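[1] test case, fold it:
(chains A, B and C)
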Amino acid sequence: MDMDVTKLSEMEFRVTMVKMMCRLEKSINENVNENIESLRAEMRANLAEIKNSMSQMQSKLEALTARVNEAEERIVELEDGLVEEKAKIESGLKKIHAQECRLQEITDSMKRSNVRIIGIPEGVEKNRGLEEIFEQIVAENFPNLARETSIRVQEAERTPPRLNHDKPTPRHIIVQFANIRSKDTVLKAARAKKLLTYQGKCIRITSDLSTETWNERKAWGGIFKALSEKNMQPRILYPAKLSFRIDGEIKTFQNRQSLTNFVTTKPALQEILRGAL
Amino acid sequence: MDMDVTKLSEMEFRVTMVKMMCRLEKSINENVNENIESLRAEMRANLAEIKNSMSQMQSKLEALTARVNEAEERIVELEDGLVEEKAKIESGLKKIHAQECRLQEITDSMKRSNVRIIGIPEGVEKNRGLEEIFEQIVAENFPNLARETSIRVQEAERTPPRLNHDKPTPRHIIVQFANIRSKDTVLKAARAKKLLTYQGKCIRITSDLSTETWNERKAWGGIFKALSEKNMQPRILYPAKLSFRIDGEIKTFQNRQSLTNFVTTKPALQEILRGAL
Amino acid sequence: MDMDVTKLSEMEFRVTMVKMMCRLEKSINENVNENIESLRAEMRANLAEIKNSMSQMQSKLEALTARVNEAEERIVELEDGLVEEKAKIESGLKKIHAQECRLQEITDSMKRSNVRIIGIPEGVEKNRGLEEIFEQIVAENFPNLARETSIRVQEAERTPPRLNHDKPTPRHIIVQFANIRSKDTVLKAARAKKLLTYQGKCIRITSDLSTETWNERKAWGGIFKALSEKNMQPRILYPAKLSFRIDGEIKTFQNRQSLTNFVTTKPALQEILRGAL
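    You can find the predicted model right below:
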């Protein structure tokens, strides 16, 4: 519209006006639509990009979901497997415990005709054999038994079989009798006589028990002492039971737990065993 | 364009027209572009927001993927670990089973020179000892054996060692012989004589076996009876094997499984054992 | 604008021009805004769709995250559980091993008064009993011992108890003595005499040991031979220890490991045992 419209003839102006208007309409439409289309293109590109990303994420999410599904299944299988194995372990450990008890029983049973003699100096058996040493012990401590023929010694040996020169104390002697009665007779006589000697030196004669049973017996120690002080006549019964007199009758307990249960019903006994149980 | 164009001079109108057209173009362009830019801004804001959200999701997805990776690795380790432990458990349980068998063997072996006497009233041993009671039983039931010196009793005792006053039946007596031959002789004599007595009252003399072996022997019961009815001479062999005569020869079976396997090849035997096996 | 503007009067043209301009403005605005609004609608629809998808993905991601959280917790529990069970298994297996050792000890201990005689033909005991066969062996091989009364045989039997006709070699004979000393005397005499016979045929007399102890003794074989060749006086001590003379003193080894440890300090011994250890 640079031209000088004032110089045009009337008709020229009119035609020019109309042309200008047409051109204006066209140019505006073109210009604007171009802008719009450029925006549309920009947006569509963005949307396409986003949709593409989203579709990728969707795929990844689905793949991950599938993996989580599988992982969960494997976890369930592991959980079930562990429960199964736990049960097997539990049952195995129970069997192991039962076998331990049985091994202890067998060991004790194999030692049932034995006594253990503690304190006999090493070497005294050199020219005589341990059986003769045992006869000397009987003669020295239980002269009455020496004449009894029912005490039949099967075997006597040092334990452990080989001497360890690093240990200052003599090895124990295990005397195995032909039967339990012989052992019981000797053990009873040994308990009745407070002081036992061999050639004048102090010795001890005890039951021969498995280590486990010894430990179980030792575990009664404090309780035994407390009951003893109250004259309740505590005794250790074979293999490691505790019995004592209460309310006029003799009660026997397999283990600490059974005594603990019993004690809850006897406040007086609870008082006596306070600190020991 | 409120002005009255009719009142303008020709030249004024022309100039006005051109101005109006310019203004129109400008105003339309401005107006439209503003709209477009506002849309663009709106869309860009939306897109930015979406892209931001997507980038956050992407991060979360990646983090989650990393966690799933790690979880899968831990699952693999757990699976491998469980397989390893399963193998250990399997081997442990096998060893436990083998040890059970061995404990049973040892227990049976420790009882191999014993017999178990059932039905001797409590207290009869008070003044005589159980060894003498056994001699009475031999004299009463097997007068021929009484004169034999080869039957050497090592020991005789009640089992369990302590009397339980709540039980109405007398405790069994375990007689331990010096050797298996003595036991075999006594047991054979006991089996040969249908009715055994002590002071006229009915008693029983059996092998002394581990509980497990007793249970295994008892488990042959129905089969033993079925074979007996067909005169197939079934016998229980030490410790708990079954033997019987079939097709002119004696077959021995360690356990039910080995018998089951054998039976599949013998339809006649299958018929006999129907319901018992 | 099809009309012929040239035919209009001046005033008509002016009014027409103004109207046209107004119409143009209106039409352009309408047209353009329609385009913009259509784009806006399109974009908003797209954005809504995307946001909806994203919100769905977000939900899925959150749900999956929750599942991964839970899975991780279950994995931790499984890991802790497995560690716990592993410890139990470890302790169980240790106990099983200890019990195996103890069973071996018990079995060996039960056989401690026994010897095993290998090579006595089946059936020779038919009219005499195995105890008498053993007396014959003593008379034939150790005439000095035959007069000793301290050798007390408790029992002699074939092992296994039942004859397997498929095996070409005679079953071994187990002789159980009343005590270990008797066994030691017989075994010592047997070792001193290189060649033992029964009715002129070659026989062997060995310790009676558990299978495990035999295997442990056999495992010393190559080492024993190598030490023997160097006159180092190797001996197998009960149950399966190796002892030999080195640098003027006698060393004893419980097992191969303790020997291996010792050997590292003795290059000369290492040379002797090269290939055997």
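
[2] quick check: closest non-adjacent residue to whatever residue of chain A ends up closest to chain B.
    With C-beta to the nearest C-beta, the shortest gap between chain A and chain B falls at A:N179, namely 3.9 Å. (C-beta placed from N, C-alpha, C; glycine too.) Counting by C-beta to C-beta, 6 or more residues apart in numbering or on different chains, A:N179 lies nearest to B:E155, which is 3.9 Å off, once chain neighbours are set aside.

[3] so what sits opposite that neighbour in the bridge?
    Counting by DSSP bridges, B:E155 forms beta bridges with B:Q176.

[4] return the residues in contact with it.
    Neighbour list for B:E155: A:S113, A:A178, A:N179, A:I180, A:R181, B:E131, B:V175, B:Q176 [criterion: C-beta atoms under 8 Å, 6 or more residues apart in numbering or on different chains].

[5] and the closest residue to A:T213 other than its chain neighbours, how far from A:H172?
    On the basis of C-beta to C-beta, 6+ apart, the spatially nearest residue to A:T213 that is not a chain neighbour turns out to be A:P239, at 4.6 Å. Remark: distance between A:P239 and A:H172 (C-beta to C-beta, to the nearest Å) = 19 Å.

[6] looking at it, the residue of chain A closest to chain B is touching A:I151, isn't it?
    No. Contact between A:N179 and A:I151 fails when scored by C-beta atoms under 8 Å: they sit 9.7 Å apart.

[7] give me the mean pLDDT for the top helix by length along chain A.
    The longest helix of chain A (DSSP state H) is helix A:10-110. On average, the pLDDT along helix A:10-110 is 93.

[8] as CSV, the contacts of B:E155 with neighbour count and pLDDT would be great.
    Below are these laid out as CSV (neighbours: other C-beta atoms under 10 Å in any protein chain shown; pLDDT from 0 to 100):
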residue, neighbour count, pLDDT
A:S113, 23, 93
A:A178, 18, 88
A:N179, 21, 87
A:I180, 19, 89
A:R181, 19, 87
B:E131, 16, 91
B:V175, 24, 96
B:Q176, 20, 94
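
[9] and the helices in the stretch 151-277 of chain A?
    A:180-192, A:211-219, A:221-229, A:256-263, A:267-273 (DSSP state H, counting those that start in this stretch).

[10] for these, which one ends up most surrounded?
    Neighbour counts (mean count of other C-beta atoms under 10 Å in any protein chain shown) averaged over each of the helices of the stretch 151-277 of chain A peak at helix A:180-192, with a mean of 17.

[11] with chain C in mind, check whether it reaches it.
    No. Using C-beta under 8 Å from any C-beta of the partner chain, helix A:180-192 stays clear of chain C, with a minimum separation of 14.2 Å.

[12] show the pLDDT at A:M3.
    At A:M3, pLDDT is 61.

[13] how about A:A219, what does it touch?
    A:R256.

[14] thinking again about what came up before, tell me what angle the longest helix of chain A forms with helix A:211-219.
    90 degrees (axes from the mean of the first three to the mean of the last three C-alpha atoms, to 10 degrees).

[15] what about stretch A:196-214, distance to the chain center?
    35 Å (C-alpha atoms, centre = their mean, to the nearest Å).

[16] quick one, what contacts A:R67?
    B:V68, B:E72.

[17] look up how far B:E62 lies from it.
    A:R67 is 14 Å from B:E62, by C-beta to C-beta.

[18] now do the domain split for chain A, please.
    The record's domain parsing of chain A by automatic domain parsing lists A:5-107, A:112-208, A:214-273.

[19] for the shortest one, measure first residue to last.
    Here the two ends of domain A:214-273 are set 22 Å apart, with distance taken as C-alpha to C-alpha, to the nearest Å.

[20] identify the bridge partners of A:V115.
    If you apply DSSP bridges, the partners that A:V115 bridges to are A:V175, A:S207.

[21] do you know how far it is from C:K183?
    In terms of C-beta to C-beta, A:V115 sits 22 Å off from C:K183.

[22] repeat for A:E49
    On the measure of C-beta to C-beta, A:E49 and C:K183 end up 95 Å apart.

[23] got a list of what the residue of chain A closest to chain B touches?
    A:N179 neighbours (C-beta under 8 Å, 6+ apart): A:S113, A:R152, B:Q154, B:E155, B:Q176.

[24] and the gap between it and B:Q154?
    6 Å.

[25] dump the residue contacts of A:L82.
    B:L82, C:L78, C:G81, C:L82, C:E85.

[26] return the closest of those with respect to A:A71.
    C:L78 (11.7 Å; C-beta to C-beta).

[27] would you check that the closest one makes contact with B:L78?
    Yes. Between C:L78 and B:L78 there is a contact under C-beta under 8 Å: 5.4 Å.

[28] what do these two both touch?
    A:L78.

[29] okay, now A:E62: neighbour count?
    Counted with other C-beta atoms under 10 Å in any protein chain shown, residues neighbouring A:E62 total 11.

[30] could you do A:T197 as well?
    The number of residues near A:T197, taken as other C-beta under 10 Å, comes to 13.

[31] again with the one 10 residues further on
    Under the neighbour criterion other C-beta under 10 Å, A:S207 is assigned a count of 20.

[32] up against chain C, what does the stretch 101-250 of chain A have?
    A:L103, A:I106, A:T107, A:M110, A:G129, A:Q154, A:E155, A:E157, A:P161, A:R162, A:Q176.

[33] next, the residue nearest to A:T107 when sequence neighbours are not counted: phi, psi?
    Closest residue in space to A:T107, ignoring its immediate chain neighbours: A:S210 at 3.8 Å, by C-beta to C-beta, 6+ apart. With angles defined as degrees, to the nearest 10, A:S210 sits at phi -70, psi 150.

[34] against A:E140, how distant is the residue of the stretch 101-250 of chain A found nearest chain C?
    Using C-beta to the nearest C-beta, the single residue of the stretch 101-250 of chain A nearest to chain C is A:E155, 3.9 Å away. A:E155 is 21 Å from A:E140, where distance means C-beta to C-beta.

[35] over to A:A268?
    Distance from A:A268 to A:E140, by C-beta to C-beta: 44 Å.

[36] swap in A:E77?
    In terms of C-beta to C-beta, A:E77 sits 73 Å off from A:E140.
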